[in-house]
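K.L.:
predicted model and sequence follow; I will ask about them next.
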Amino acid sequence: MDPCASPPRFRCRQNRVELDIEKRNLDYMITNEQQDEIRGWFAGRLPEGLFEALVEVAVDREEIVVTGRVPAPTTSEGASDAERRGAVEGRVREFRERTRDERIGIAREAEHRFDRKVSWAVECDGRRVLFTHVAAPVMTRLRQPERQVLDTLIESGVARSRSEALAWCVRLVQRHADGWLDELRDSLDEVRRVRERGPDGDTDG
(Lines give C-alpha, C1' and ligand atoms only; values in the text may rest on other atoms or scores of the structure.)
Protein backbone atom coordinates (compact mmCIF):
# COMPACT_ATOMS: atom_id res chain seq x y z
CA MET A 1 0.00 0.00 0.00
CA ASP A 2 1.34 3.39 -0.92
CA PRO A 3 1.86 5.34 2.33
CA CYS A 4 1.34 8.62 0.44
CA ALA A 5 -2.02 7.58 -0.97
CA SER A 6 -5.09 9.29 0.43
CA PRO A 7 -7.34 7.18 2.66
CA PRO A 8 -10.41 5.82 0.81
CA ARG A 9 -12.82 7.78 3.01
CA PHE A 10 -10.97 11.04 2.26
CA ARG A 11 -11.03 10.31 -1.47
CA CYS A 12 -14.79 9.73 -1.36
CA ARG A 13 -15.33 12.99 0.45
CA GLN A 14 -13.04 14.79 -2.01
CA ASN A 15 -15.01 13.32 -4.92
CA ARG A 16 -18.24 14.54 -3.36
CA VAL A 17 -16.80 18.04 -2.98
CA GLU A 18 -15.75 18.04 -6.65
CA LEU A 19 -19.22 16.86 -7.67
CA ASP A 20 -20.82 19.58 -5.55
CA ILE A 21 -18.63 22.24 -7.22
CA GLU A 22 -19.52 20.89 -10.66
CA LYS A 23 -23.22 20.89 -9.76
CA ARG A 24 -23.05 24.51 -8.59
CA ASN A 25 -21.37 25.50 -11.86
CA LEU A 26 -24.09 23.77 -13.86
CA ASP A 27 -26.84 25.30 -11.74
CA TYR A 28 -25.35 28.76 -12.29
CA MET A 29 -26.58 28.93 -15.86
CA ILE A 30 -30.25 28.75 -16.78
CA THR A 31 -30.92 26.03 -19.35
CA ASN A 32 -33.33 26.18 -22.25
CA GLU A 33 -35.54 23.62 -20.51
CA GLN A 34 -35.90 25.84 -17.44
CA GLN A 35 -36.54 28.89 -19.61
CA ASP A 36 -39.25 27.03 -21.52
CA GLU A 37 -40.96 26.02 -18.27
CA ILE A 38 -41.03 29.61 -17.00
CA ARG A 39 -42.17 31.00 -20.36
CA GLY A 40 -44.92 28.40 -20.50
CA TRP A 41 -46.10 29.28 -17.00
CA PHE A 42 -46.42 32.96 -17.87
CA ALA A 43 -48.10 32.18 -21.19
CA GLY A 44 -50.75 30.25 -19.29
CA ARG A 45 -50.99 32.52 -16.25
CA LEU A 46 -51.26 35.94 -17.89
CA PRO A 47 -54.94 36.82 -18.31
CA GLU A 48 -56.38 37.25 -21.79
CA GLY A 49 -56.21 40.85 -22.88
CA LEU A 50 -53.46 41.97 -20.51
CA PHE A 51 -51.12 42.30 -23.49
CA GLU A 52 -51.83 42.49 -27.19
CA ALA A 53 -49.13 39.82 -27.43
CA LEU A 54 -46.52 38.29 -25.12
CA VAL A 55 -43.24 39.33 -26.73
CA GLU A 56 -40.60 37.78 -24.49
CA VAL A 57 -39.97 36.14 -21.11
CA ALA A 58 -36.25 36.57 -20.38
CA VAL A 59 -34.78 34.55 -17.51
CA ASP A 60 -31.57 34.40 -15.53
CA ARG A 61 -30.80 33.16 -12.01
CA GLU A 62 -31.91 36.41 -10.33
CA GLU A 63 -34.72 37.82 -12.47
CA ILE A 64 -37.57 37.16 -14.88
CA VAL A 65 -38.38 40.02 -17.27
CA VAL A 66 -41.81 39.76 -18.88
CA THR A 67 -42.28 41.90 -22.00
CA GLY A 68 -45.65 42.35 -23.67
CA ARG A 69 -46.94 44.43 -26.55
CA VAL A 70 -49.63 47.07 -26.00
CA PRO A 71 -51.63 48.73 -28.80
CA ALA A 72 -50.11 51.84 -30.31
CA PRO A 73 -52.12 55.00 -29.64
CA THR A 74 -53.98 56.73 -32.44
CA THR A 75 -52.58 60.11 -33.39
CA SER A 76 -53.79 62.72 -35.81
CA GLU A 77 -52.77 62.53 -39.45
CA GLY A 78 -49.48 64.31 -39.98
CA ALA A 79 -48.57 64.17 -36.28
CA SER A 80 -44.99 65.17 -35.52
CA ASP A 81 -42.42 62.78 -34.07
CA ALA A 82 -42.68 64.59 -30.73
CA GLU A 83 -46.46 64.10 -30.69
CA ARG A 84 -46.13 60.39 -31.45
CA ARG A 85 -43.48 59.96 -28.74
CA GLY A 86 -45.72 61.73 -26.25
CA ALA A 87 -48.66 59.53 -27.22
CA VAL A 88 -46.58 56.37 -26.71
CA GLU A 89 -45.36 57.59 -23.32
CA GLY A 90 -48.94 58.31 -22.30
CA ARG A 91 -50.17 54.88 -23.44
CA VAL A 92 -47.36 53.12 -21.57
CA ARG A 93 -48.10 55.14 -18.43
CA GLU A 94 -51.81 54.35 -18.68
CA PHE A 95 -51.10 50.62 -19.02
CA ARG A 96 -48.65 50.62 -16.13
CA GLU A 97 -51.06 52.30 -13.70
CA ARG A 98 -54.16 50.38 -14.82
CA THR A 99 -52.56 46.93 -14.54
CA ARG A 100 -50.33 47.54 -11.50
CA ASP A 101 -52.32 45.50 -8.94
CA GLU A 102 -52.89 42.65 -11.37
CA ARG A 103 -49.22 42.46 -12.32
CA ILE A 104 -48.12 42.58 -8.67
CA GLY A 105 -50.32 39.57 -7.90
CA ILE A 106 -48.89 37.56 -10.80
CA ALA A 107 -45.34 38.56 -9.88
CA ARG A 108 -45.79 37.35 -6.30
CA GLU A 109 -46.97 33.96 -7.51
CA ALA A 110 -44.03 33.65 -9.90
CA GLU A 111 -41.48 34.81 -7.33
CA HIS A 112 -42.72 32.17 -4.88
CA ARG A 113 -42.72 29.45 -7.54
CA PHE A 114 -39.42 30.22 -9.29
CA ASP A 115 -37.46 32.03 -6.54
CA ARG A 116 -36.67 34.98 -8.80
CA LYS A 117 -37.75 38.60 -8.91
CA VAL A 118 -40.19 39.52 -11.68
CA SER A 119 -39.85 42.70 -13.73
CA TRP A 120 -42.14 44.04 -16.44
CA ALA A 121 -41.62 45.77 -19.77
CA VAL A 122 -43.85 46.75 -22.68
CA GLU A 123 -43.42 47.33 -26.39
CA CYS A 124 -45.51 50.08 -27.93
CA ASP A 125 -45.20 51.35 -31.50
CA GLY A 126 -41.70 49.85 -31.83
CA ARG A 127 -40.42 51.24 -28.54
CA ARG A 128 -39.56 49.08 -25.51
CA VAL A 129 -39.99 50.49 -22.00
CA LEU A 130 -38.73 48.63 -18.91
CA PHE A 131 -40.70 49.43 -15.76
CA THR A 132 -38.37 48.00 -13.12
CA HIS A 133 -35.35 45.74 -13.15
CA VAL A 134 -32.84 44.02 -10.88
CA ALA A 135 -29.24 45.29 -10.98
CA ALA A 136 -27.32 42.30 -9.63
CA PRO A 137 -23.65 42.76 -8.66
CA VAL A 138 -21.17 40.41 -10.32
CA MET A 139 -17.74 40.04 -8.74
CA THR A 140 -14.73 38.95 -10.79
CA ARG A 141 -10.94 39.11 -10.91
CA LEU A 142 -9.22 40.27 -14.08
CA ARG A 143 -5.63 40.05 -15.27
CA GLN A 144 -3.84 43.16 -16.49
CA PRO A 145 -4.60 42.71 -20.24
CA GLU A 146 -8.28 42.34 -19.38
CA ARG A 147 -8.21 45.38 -17.11
CA GLN A 148 -6.54 47.35 -19.90
CA VAL A 149 -9.49 46.57 -22.18
CA LEU A 150 -11.86 48.08 -19.63
CA ASP A 151 -9.61 51.08 -19.08
CA THR A 152 -9.46 51.73 -22.83
CA LEU A 153 -13.25 51.80 -22.95
CA ILE A 154 -13.25 54.31 -20.09
CA GLU A 155 -10.56 56.55 -21.63
CA SER A 156 -12.38 56.59 -24.96
CA GLY A 157 -15.63 57.66 -23.32
CA VAL A 158 -17.54 54.44 -24.04
CA ALA A 159 -17.95 53.79 -20.31
CA ARG A 160 -17.53 55.78 -17.12
CA SER A 161 -16.24 53.01 -14.87
CA ARG A 162 -14.85 49.50 -15.02
CA SER A 163 -18.18 48.03 -13.96
CA GLU A 164 -19.94 49.93 -16.74
CA ALA A 165 -17.26 48.86 -19.22
CA LEU A 166 -17.69 45.23 -18.18
CA ALA A 167 -21.45 45.50 -18.69
CA TRP A 168 -20.78 46.98 -22.15
CA CYS A 169 -18.59 43.97 -23.02
CA VAL A 170 -21.31 41.58 -21.89
CA ARG A 171 -23.88 43.32 -24.08
CA LEU A 172 -21.48 43.11 -27.03
CA VAL A 173 -21.08 39.36 -26.59
CA GLN A 174 -24.83 38.97 -26.19
CA ARG A 175 -25.48 40.87 -29.41
CA HIS A 176 -22.99 38.92 -31.53
CA ALA A 177 -22.96 35.44 -29.95
CA ASP A 178 -26.62 34.55 -29.36
CA GLY A 179 -26.33 31.35 -31.40
CA TRP A 180 -23.25 30.22 -29.50
CA LEU A 181 -24.92 30.95 -26.14
CA ASP A 182 -27.96 28.91 -27.21
CA GLU A 183 -25.67 25.98 -28.03
CA LEU A 184 -24.14 26.24 -24.56
CA ARG A 185 -27.59 26.15 -22.95
CA ASP A 186 -28.56 23.12 -25.05
CA SER A 187 -25.41 21.29 -23.98
CA LEU A 188 -26.16 22.09 -20.34
CA ASP A 189 -29.62 20.60 -20.74
CA GLU A 190 -28.03 17.36 -21.94
CA VAL A 191 -25.46 17.35 -19.11
CA ARG A 192 -28.28 17.74 -16.57
CA ARG A 193 -30.24 14.86 -18.09
CA VAL A 194 -27.19 12.58 -18.04
CA ARG A 195 -26.40 13.55 -14.46
CA GLU A 196 -29.97 12.80 -13.33
CA ARG A 197 -29.80 9.32 -14.92
CA GLY A 198 -26.52 8.51 -13.18
CA PRO A 199 -26.06 6.48 -9.99
CA ASP A 200 -25.76 8.10 -6.57
CA GLY A 201 -22.11 9.09 -6.14
CA ASP A 202 -22.19 8.67 -2.34
CA THR A 203 -20.00 5.61 -1.68
CA ASP A 204 -19.00 6.58 1.86
CA GLY A 205 -19.99 3.54 3.91
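P.N.:
Done, it's in.
K.L.:
list the contacts for residue 79?
P.N.:
By Cβ atoms under 8 Å, 6 or more residues apart in numbering, the contact set of residue 79 is residue 87. Yep, even glycine has a C-beta here, placed from its N, CA and C like the rest.
K.L.:
my bad, residue 124
P.N.:
Per Cβ under 8 Å, 6+ apart, neighbours of residue 124: 69-73, 88, 91-92, 95.
K.L.:
buried among the residues you listed? Make that a ChimeraX selection.
P.N.:
A single ChimeraX command selects the buried members of those (16 or more other Cβ atoms under 10 Å):
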select :69,70,72,73,88,91,92,95
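K.L.:
now the host helix or strand of residue 151: buried residues?
P.N.:
Here residue 151 sits within helix 144-155, counting by DSSP states H and E. Buried residues in helix 144-155, counted by 16+ other Cβ under 10 Å: 150, 153.
K.L.:
list the helices and strands the following helix or strand past that helix packs on?
P.N.:
For helix 144-155, the following helix or strand on the C-terminal side (DSSP H and E) is helix 162-176. Packing contacts for helix 162-176, counted by 3 or more Cβ pairs under 8 Å, 6 or more residues apart in numbering; DSSP states H and E, involve helix 144-155.
K.L.:
so where's the chain shaky on pLDDT?
P.N.:
Counting by pLDDT under 70, the ranges of the chain that qualify are 1-30, 200-205.
K.L.:
tell me what the helix holding residue 151 is packed against?
P.N.:
Using 3+ Cβ pairs under 8 Å, 6+ apart, helix 144-155 is in contact with helix 162-176.
K.L.:
mind listing what's buried in the helix it packs on?
P.N.:
Buried residues in helix 162-176 (16+ other Cβ under 10 Å): 165-166.
K.L.:
one more: stretch 114-130?
P.N.:
In stretch 114-130, counting by 16+ other Cβ under 10 Å, buried: 114, 116-125, 129.
K.L.:
just stretch 95-108 next, same as before
P.N.:
By neighbour count with 16+ other Cβ under 10 Å, stretch 95-108 contains the buried residues 95, 99, 103, 106-107.
K.L.:
give me the residues contacting that stretch.
P.N.:
Contacts to stretch 95-108, defined as Cβ under 8 Å, 6+ apart, come from residues 45-47, 50, 70, 118, 120, 122, 124, 131.
K.L.:
again, 6 Å this time
P.N.:
Around stretch 95-108, the neighbours that count as contacts under Cβ atoms under 6 Å, 6 or more residues apart in numbering are 70, 118, 120.
K.L.:
C-terminal to whatever helix or strand residue 90 lives in, what's the next element?
P.N.:
According to DSSP H and E, residue 90 maps onto helix 81-98. Using DSSP H and E, the helix or strand that follows helix 81-98 in sequence is helix 100-114.
K.L.:
how far away from the center of its chain is that following helix?
P.N.:
Remark: helix 100-114 is offset 17 Å from the chain centroid, using Cα atoms, centre = their mean, to the nearest Å.
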